[in-house]
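Peer 1: Show me the folded form of this:
(chains A and B)
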Number of protein chains: 2
Amino acid sequence: MNVVIKGGSYTKFGELWEKTPRDLVSEAVKSALAQANLTYKEVDAIFVGNMLSGILSGQGHIGAFFAEELGITKSAFTLEGACASGGLAMHAGVLGILSGMYKNVLVIGVEKMTDYKPEEVARALMGAGSDGEREAGATFPALYALIARAHMEKYGTTQEDLAAVAVKNHHHASLNPKAHFHFPVTQEKAIKSSIIASPLRLLDCSPISDGAAALVLSNKKSSKNDVVITASSVATDTLGVAQRNDLTTLSATVSAAKAAYQMASVSPKDISVAEVHDCFTIAEIVALEDLGWYEKGKAAKAIREGAHTLGGSKAVVNPSGGLKACGHPAGATGVKQVVELYQQLKGNCEKRQVPDARIGLSQNVGGSGATAVIHILKKL
Amino acid sequence: MNVVIKGGSYTKFGELWEKTPRDLVSEAVKSALAQANLTYKEVDAIFVGNMLSGILSGQGHIGAFFAEELGITKSAFTLEGACASGGLAMHAGVLGILSGMYKNVLVIGVEKMTDYKPEEVARALMGAGSDGEREAGATFPALYALIARAHMEKYGTTQEDLAAVAVKNHHHASLNPKAHFHFPVTQEKAIKSSIIASPLRLLDCSPISDGAAALVLSNKKSSKNDVVITASSVATDTLGVAQRNDLTTLSATVSAAKAAYQMASVSPKDISVAEVHDCFTIAEIVALEDLGWYEKGKAAKAIREGAHTLGGSKAVVNPSGGLKACGHPAGATGVKQVVELYQQLKGNCEKRQVPDARIGLSQNVGGSGATAVIHILKKL
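Peer 2: From the prediction side, this is the model:
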C-alpha cells in the first residue's frame, strides 16, 4: 500500500467564536490544495469527518455542504465514528484512492464545539457511548477516570505519571503556533488542578476546541522524498466500558495496530514520531502500551523520564501537543494527527520538529475505545 | 468494475413501534449473511448508512454500535448524506472491496423514525437542506412542491401526472409483503387527498417509516448467474434549491448517471428495472428525465400510460413500491433499493417479479438533490 500525501494543513485550534465551520474548512483546504498544487476542480471526492454538526447545529449532509462551499460537485461523504470520525474519513479516503475510482481525494475533519453550552456538548458527546452509560449519567471524563483508576490499581500508575503526560504535551504545544494552549504546565500545577472525575484533574483532560484539518491524497506514482501512507486500519470494541474484560487496555487499538504494522511491514521500534489519542492523560499511557511499545504498566515511567519528549531518546509522542494541549475538535482530530505527521516527515515543523523523522504513526480513538484507527506514514 | 453481491435483505418497512434499531438490523443482516453463506466472523467491515440516530435518539457512533450488536470487532463506519446515506454507505462498501483491503463487506442501512414526534422528525430532516431553507421555515414537501410547480409551469405537467406515479407505486407495493402500504390508490383518490404543500397532496408524499436493509459485497471471482455491481457513482449539487439555475432537473442525478452508464458500459435503454428516489411523486418524473430515459417533460406521459408499471412496455420503475409506498426509512432507502434490484435480478420477487430482469439501476437522492448516488447491477 502506497498512497501519496500531496498536501496537508490544519487551522489554529481553540475557542474560535469569530469563525464558522465554513471559514475553518476553507482555510485548511485552501492551504492543503496549494501545497498539492491542485485546483478545486481537480478534486474527485471529499470525505468529511464530523461528529456533532447535526446534533449541535442542526446542519447534517455536510459532505455536500462543504462540496458546495468549495465549489465542487463531485462525490462527497460524511463519516461519523465519534472522536474517530476524522480517522474514519482518512481510511475512507485511502479506500477511495486504492479502489482506483478517484485520483485526488480531499479528506477534511472539522468540528465547531465552543459555540454551544458545555452541558449541550457533554450530552452530544455521550452519543459516542453506550445507552447504559447515558442512562447512568456517565460522561467521558468519568469513563476515562474508571480506566485510570483500574490502571492505577493494576500497575501502580500514579497521579504524577498522569501529570507527566500533561507536562510533555503542554511543552510541545507551546512550540506549536496552531495549538489551543501555549501555557506550560508543571507537575505541581497539574497535580493541584481541580478534580474533574477522580483521579482525573482539569489538566488531565483535553479541551473542547474548534478547528479543521485537510489532507490531499493522490494516486500518483510515488517518488523520492514523497510522504506516503503505508497502513490504514480500523478495529472496534464494545461501546460501553462495562462490557469489556479489562479496563486497562483498548483492544481496538491493539488489533488495529497489529494490522497496521503488518500492512506497513514495520515494527513498533521503527516509529520515529507518533500522534496518539490523549483525550485524557491516562489515554496516552494506555496507548503506548497497546501500540506494543511497552509491556502493560511500563509506559508511564518512560514518559515521566522524558523518553517521548522532543529531544528524548525514543519516538516523540504528540509533538503537536496532542489532543491534550493542541486541542480536540472531535471530528478534526483524526485528520489533524495525520497532517501533523505529514508536516513532521516533510521537515516543516520548525521549533517542534522531530529530527530525522522517517516513519510516523497516528492513533485515533472513538468513544472510550469502541473505534480505533491507525495510520502509518513513511518518508521515501 | 465487478463487485459480487452475495446476499441482500430488507425488513418489513412501516410503523414498527415494537422493534428497536438493533432488532431491525439484526433481522436484515441475519438474512443477508445466510444467503451469502457467511458467518459474522467472516465479515471484514461494516458500512452503515444512517441519517438521524444522533439527532433523534442521541445515539451516535452507530458503526461501532452495530458491530458490537453483531459481535464483530472489525472496521465499522457510519456514512451520512441525508436521505442518500444508504447510497453513500453502498458506495463506500464498493470502495472497500475494490481497494483490495476487504474481502467481505456488510452494507447496512437503517432508520427508526416513527418513535418521535412528527415535528421533531421534520426539523431533523431539514438538517439535509441549506441554512437559508431552515431559516425560512421550509420543509421537504415545500421544497419539492417548488420543483413540482416549476415542472408544471415549464412542461405542462399536471396533477394527474403526479397521481399516476402514486397509482403505479401503490400497485407495486400491494404486491410486496415488505411494503409499508398495501392499499391501492386510484387517480381520483390521489387527486382528492389533502393538500400538504400545493401542488403536492398527501398521496404525492412518501411516508415516515422504520426499517433496515443489509447487503453483502464480496471480492470473489464472479461466475455465471452472479449479480454484480458494475457501476457506483456519486455527485453533488447545492444544498439549497434557491442556488440552482433550473428547478426542474437535479444536476447531481444527471452527472452521477452519466458517470455510471460509462462505468457499466450501458445506455439508459439497457435497464430492465429501476428503483428511483420517489420521495415525492414529482421526484420520479424528474428522475426518469434526469436519468436520460426521456427528454425533459416527456416522462410523465409514459408513466401515465403504464409503460413503467409491471407488465408495461418499458423498464419497470419502483417494483418494490418505491419510497412512496414501500416506505422511506431515510438511511435504509439507498441500501434497500439495491437489495430490491438484487432480488429482482435473482428472480426472487414472486408477485412483483420483473420478467427477464438483467440490468438494474438505483437512484438515491439526499435532500432536495444535493447528493445523488447511482448503482447499476447486472446478472451475469
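Peer 1: Am I right that A:K296 falls within a strand?
Peer 2: No. Counting by DSSP: H, G, I helix; E, B strand; the rest coil, A:K296 falls outside a strand, being coil.
Peer 1: Quick check, pLDDT for it.
Peer 2: Per-residue confidence (pLDDT) for A:K296: 97.
Peer 1: got the contact list for it?
Peer 2: Each residue near A:K296 by CB atoms under 8 Å, 6 or more residues apart in numbering or on different chains is listed here: A:K154, A:Y155, A:T248, A:T249, A:E289. Glycine gets a C-beta too; all of them are placed from N, C-alpha and C.
Peer 1: cool, A:V335 as well?
Peer 2: By CB under 8 Å, 6+ apart, A:V335 lies in contact with A:Y10, A:G49, A:G86, A:G87, A:A89, A:M90, A:V107, A:I108, A:G109, A:A213, A:A214, A:L215.
Peer 1: ok, back up a step: what's the closest of the contacts of A:K296 to chain B?
Peer 2: A:T249 (13.4 Å; CB to the nearest CB).
Peer 1: picking that back up, for the contacts of A:V335, give me JSON lines that also has distance to A:A302.
Peer 2: Output for the contacts of A:V335, formatted as JSON lines (distance: CB to CB, whole Å):
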{"residue": "A:Y10", "distance to A:A302": "28"}
{"residue": "A:G49", "distance to A:A302": "31"}
{"residue": "A:G86", "distance to A:A302": "27"}
{"residue": "A:G87", "distance to A:A302": "25"}
{"residue": "A:A89", "distance to A:A302": "32"}
{"residue": "A:M90", "distance to A:A302": "28"}
{"residue": "A:V107", "distance to A:A302": "32"}
{"residue": "A:I108", "distance to A:A302": "35"}
{"residue": "A:G109", "distance to A:A302": "29"}
{"residue": "A:A213", "distance to A:A302": "28"}
{"residue": "A:A214", "distance to A:A302": "33"}
{"residue": "A:L215", "distance to A:A302": "30"}
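Peer 1: Would you mind checking which of those residues is nearest to B:G54?
Peer 2: Nearest to B:G54 among those, counting by CB to CB, is A:G49 at 14.2 Å.
Peer 1: Looking at the contacts of A:V335, which are in strands?
Peer 2: A:Y10, A:G49, A:V107, A:I108, A:G109, A:A213, A:A214, A:L215 (DSSP state E).
Peer 1: what are the ranges of the helices in the stretch 1-150 of chain A?
Peer 2: For the stretch 1-150 of chain A, the helices defined by DSSP state H, counting those that start in this stretch cover A:21-36, A:62-70, A:85-98, A:118-125, A:131-135, A:140-155.
Peer 1: and the angle for the fourth one with helix A:140-155?
Peer 2: What that stands for is helix A:118-125. Computed with axes from the mean of the first three to the mean of the last three CA atoms, to 10 degrees, the direction of helix A:118-125 lies at 70 degrees from that of helix A:140-155.
Peer 1: Identify all contacting residues around helix A:118-125.
Peer 2: Contact with helix A:118-125 is made by A:51-52, A:55-56, A:82, A:113, A:116, A:139-140, A:208, A:330, B:54, B:58, as judged by CB under 8 Å, 6+ apart.
Peer 1: would you list the residues you listed in CSV and tack on pLDDT, distance to B:N169 and neighbour count?
Peer 2: As requested, the contacts of helix A:118-125 are exported to CSV (pLDDT from 0 to 100; distance: CB to CB, whole Å; neighbours: other CB atoms under 10 Å in any protein chain shown):
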residue, pLDDT, distance to B:N169, neighbour count
A:M51, 97, 36, 33
A:L52, 97, 37, 26
A:I55, 95, 33, 22
A:L56, 96, 37, 21
A:A82, 97, 38, 30
A:M113, 97, 43, 26
A:Y116, 96, 41, 17
A:T139, 94, 47, 18
A:F140, 96, 46, 23
A:I208, 97, 47, 19
A:A330, 98, 41, 32
B:G54, 95, 30, 28
B:G58, 94, 34, 15
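Peer 1: Now flag whichever of those residues is closest to A:V241.
Peer 2: For these, the minimum distance to A:V241 (CB to CB) is 10.5 Å, reached by A:F140.
Peer 1: do stretch A:261-279 and chain B meet?
Peer 2: No. Stretch A:261-279 lies out of reach of chain B by CB under 8 Å from any CB of the partner chain, never closer than 8.8 Å.
Peer 1: Where does A:A274 sit: helix, strand or coil?
Peer 2: strand.
Peer 1: whoops, I mixed them up, A:S368
Peer 2: Using three-state DSSP, the structure places A:S368 in coil.
Peer 1: For the stretch 101-250 of chain A, list the residues in contact with chain B, please.
Peer 2: Residues of the stretch 101-250 of chain A lying close to chain B by CB under 8 Å from any CB are A:101, A:123-124, A:126-129, A:131, A:134, A:232-239, A:243.
Peer 1: Show the buried residues in these.
Peer 2: A:101, A:123-124, A:126-129, A:131, A:134, A:232-239 (16 or more other CB atoms under 10 Å in any protein chain shown).
Peer 1: Show only the entries of those residues found in strands.
Peer 2: Using DSSP E, those in strands are A:S232, A:S233, A:V234, A:A235, A:T236.
Peer 1: If I take the strand or helix carrying A:L341 and helix A:118-125, what angle do their directions form?
Peer 2: Using DSSP states H and E, A:L341 sits in helix A:330-346. Counting by the same axes, to 10 degrees, helix A:330-346 points 80 degrees away from the direction of helix A:118-125.
Peer 1: now the angle from helix A:330-346 to helix A:21-36?
Peer 2: Using the same axes, to 10 degrees, the inter-axis angle of helix A:330-346 relative to helix A:21-36 is 20 degrees.
Peer 1: Could you tell me how far helix A:330-346 lies from the centre of the chain?
Peer 2: 7 Å (CA atoms, centre = their mean, to the nearest Å).
Peer 1: Equivalent analysis for stretch A:210-230, please.
Peer 2: On the basis of CA atoms, centre = their mean, stretch A:210-230 sits 16 Å off its chain's mean C-alpha point.
Peer 1: In it, which residues have enough neighbours to count as buried?
Peer 2: Quick answer for stretch A:210-230 (16+ other CB under 10 Å): A:210-219, A:222, A:226-230.
Peer 1: Tell me the one among the residues you listed nearest to A:N169.
Peer 2: Nearest member of the buried residues of stretch A:210-230 to A:N169, counting by CB to CB, is A:G211, at 16.1 Å.
Peer 1: Show me what the helix or strand harbouring that closest one is packed against.
Peer 2: Element membership for A:G211 (DSSP H and E) is strand A:211-218. Here strand A:211-218 touches strand A:3-10, helix A:21-36, helix A:85-98, strand A:104-111, helix A:330-346, going by 3 or more CB pairs under 8 Å, 6 or more residues apart in numbering or on different chains; DSSP states H and E.
Peer 1: buried sites along stretch A:310-326?
Peer 2: A:310, A:314-326.
Peer 1: can you check stretch A:56-71 too?
Peer 2: In terms of neighbour count (16+ other CB under 10 Å), stretch A:56-71 has its buried residues at A:56-57, A:59-70.
Peer 1: for stretch A:245-264, same thing?
Peer 2: Result for stretch A:245-264 [16+ other CB under 10 Å]: buried residues A:247-261, A:263-264.
Peer 1: And for stretch A:117-125?
Peer 2: For stretch A:117-125, by 16+ other CB under 10 Å, it's A:V121, A:R123, A:A124, A:L125.
Peer 1: picking that back up, for A:A34, state which of the buried residues of stretch A:56-71 is nearest.
Peer 2: Distances from A:A34 to the buried residues of stretch A:56-71, taken as CB to CB, are shortest for A:L70 (13.4 Å).
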